[in-house]
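Student: quick one, fold the following:
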Amino acid sequence: MELFPDEAHVRLRSRAHGTYLHAEEDGVGVTLRLRRASLNQAWAVHRLARGGTSYVLLHGAAYGRYLALVRDDDAQEGQDSARRACRAVQRVYDAPGQEDVLFEVVWAEDGSGDVLMRHCTFGGWRNFNNQRTMMSWVVEAIPPREDPPELPPVIPPLPVAIGGPVRRRRVVHQPVFRRIIQYVRADDQGHVNNLVWRMFWFDGRSVSHLRGDLANELGEENPHSITLCVWAGSQGRRTPLVTDLPANEQTMDIVVLATESAAAEALVYPNVGAL
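Tutor: Now for the predicted structure:
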C-alpha cells in the first residue's frame with residue numbers, strides 16, 4: 001500500500017477523535033493526543049511478508065519500540081470473543097514468530113481514503129472507547145529532515161516555592177531512573193558482532209549524558225563523533241536515538257555508529273515540525 005512505503009515515517013490520526021497515535025514517555029503506553037511536533041507521534045514503517053501475507057509494522061521514532069496489541073486484562077468477563085478487548089502498547093520485537101506487532105492495512109469501504117488496521121490476532125482494531133466500532137485512520141506522511149537534529153539540552157530541575165511566613169524556593173528533584181545500557185559498536189556499514197556486547201549502569205534520562213558516557217566507554221574524546229541507535233529487539237530495526245530516554249528502568253540496547261560512517265549517514269530522521 002502506497003500510504004505505507006517501507007522505512008517512511010507517518011502519523012496516524014483517528015478519524016473519530018481527531019487526535020494522533022502517541023507513544024507515551026513511559027516507553028510502554030500508547031494513547032491518542034492532540035498533534036504536537038513530537039517524535040512520540042512519528043512512526044517508522046517496517047514492511048514484512050510472512051506466510052504469503054503482507055504486514056505493516058510500526059516502530060516509534062522516539063524509542064524504537066513497536067506498536068503492538070495485547071489482551072486487555074481488565075476486560076469484562078464474558079465479552080464477545082469476536083470483539084476481544086485489547087490495548088495498544090509499545091513492545092520490543094524480539095522473536096521471529098512474534099505476532100502482536102503484525103497488522104494488515106486495508107482501505108475503509110466508505111471511500112474516505114482512510115485505512116483500517118487488522119491485527120494478526122485480534123482482527124479489526126476497534127475504537128479506544130467503543131469496542132463495537134472499527135478505528136479508522138488518516139495517514140499523514142512525514143518528510144525527512146536534511147540533517148540530524150541536535151540532542152535536547154540537559155535541563156536542571158526548577159526551583160519551586162514552598163509555604164511558610166517567608167516564601168522560599170527549593171529545587172524539587174525528579175525521580176532518578178536507573179537502567180542497564182547494553183551497547184555494541186558497529187562498523188562503517190552498520191554491521192555488529194553479537195559476541196562483543198558490553199554493559200554499564202546509567203542514571204537518568206538525558207540522551208546527551210548517555211552519549212557522553214558512551215564516548216568515555218569507547219575512548220572517544222568528542223561525543224559528537226558517535227551516533228546512537230536504539231535497537232528494540234533482535235528482529236526490529238534500529239532507530240536513531242535523539243530524544244531523552246523513556247521514563248522507566250528497562251534495559252536498553254544501543255548500537256553505536258561513527259558519525260561520519262556510511263551507516264550513520266544513511267539514517268533517516270523525520271521532520272516532525274513540517275506542516
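Student: outline the domain layout of this protein.
Tutor: By the assignment in automatic domain parsing, the chain contains the domains 9-142, 175-265.
Student: just the mean pLDDT for the shortest one, thanks.
Tutor: Averaged over domain 175-265, pLDDT sits at 98.
Student: stretch 85-101 too?
Tutor: The pLDDT scores in stretch 85-101 average 93.
Student: show residues contacting it.
Tutor: 21, 23-24, 27-30, 57, 59-60, 63, 65-72, 74-76, 79, 119-122, 125, 131, 232-236 (CB atoms under 8 Å, 6 or more residues apart in numbering). For every residue, glycine as well, the C-beta is placed using N, CA and C.
Student: next: stretch 184-197.
Tutor: Applying CB under 8 Å, 6+ apart, the contact partners of stretch 184-197 are 182-183, 198, 218, 238, 253-258, 261-263, 266.
Student: alpha carbons of it, as PDB, please.
Tutor: This file holds the C-alpha atoms of stretch 184-197, laid out as PDB (Å, rounded to 0.1, in the frame of the first residue of the first chain):
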ATOM      1  CA  VAL A 184      27.900  -2.500  20.800                       C
ATOM      2  CA  ARG A 185      30.000  -0.600  18.300                       C
ATOM      3  CA  ALA A 186      29.100  -1.200  14.600                       C
ATOM      4  CA  ASP A 187      31.400  -1.000  11.700                       C
ATOM      5  CA  ASP A 188      31.100   1.700   9.000                       C
ATOM      6  CA  GLN A 189      28.400  -0.400   7.200                       C
ATOM      7  CA  GLY A 190      26.400  -0.800  10.400                       C
ATOM      8  CA  HIS A 191      27.300  -4.500  11.000                       C
ATOM      9  CA  VAL A 192      27.800  -5.600  14.600                       C
ATOM     10  CA  ASN A 193      29.500  -8.600  16.300                       C
ATOM     11  CA  ASN A 194      26.900 -10.000  18.700                       C
ATOM     12  CA  LEU A 195      29.700 -11.500  20.800                       C
ATOM     13  CA  VAL A 196      31.100  -8.200  21.900                       C
ATOM     14  CA  TRP A 197      28.200  -6.500  23.600                       C
END
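Student: quick one: distance of that stretch to the chain centre.
Tutor: 22 Å (CA atoms, centre = their mean, to the nearest Å).
Student: return the set of buried residues in it.
Tutor: Judged by neighbour count (16 or more other CB atoms under 10 Å), stretch 184-197 contains these buried residues: V184, R185, A186, G190, V192.
Student: show me which of these is closest to L214.
Tutor: Among the buried residues of stretch 184-197, R185 lies closest to L214 (CB to CB), at 9.2 Å.
Student: quick one, helices of the chain?
Tutor: Here the chain has its helices, by DSSP state H, at 207-217, 262-265.
Student: format the ones you listed as a markdown table; extra columns: mean neighbour count and distance to A141.
Tutor: Putting these into a markdown table (neighbours: other CB atoms under 10 Å; distance: least, CB to CB, whole Å) gives the following:
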| stretch | mean neighbour count | distance to A141 |
| --- | --- | --- |
| helix 207-217 | 17 | 26 |
| helix 262-265 | 16 | 22 |
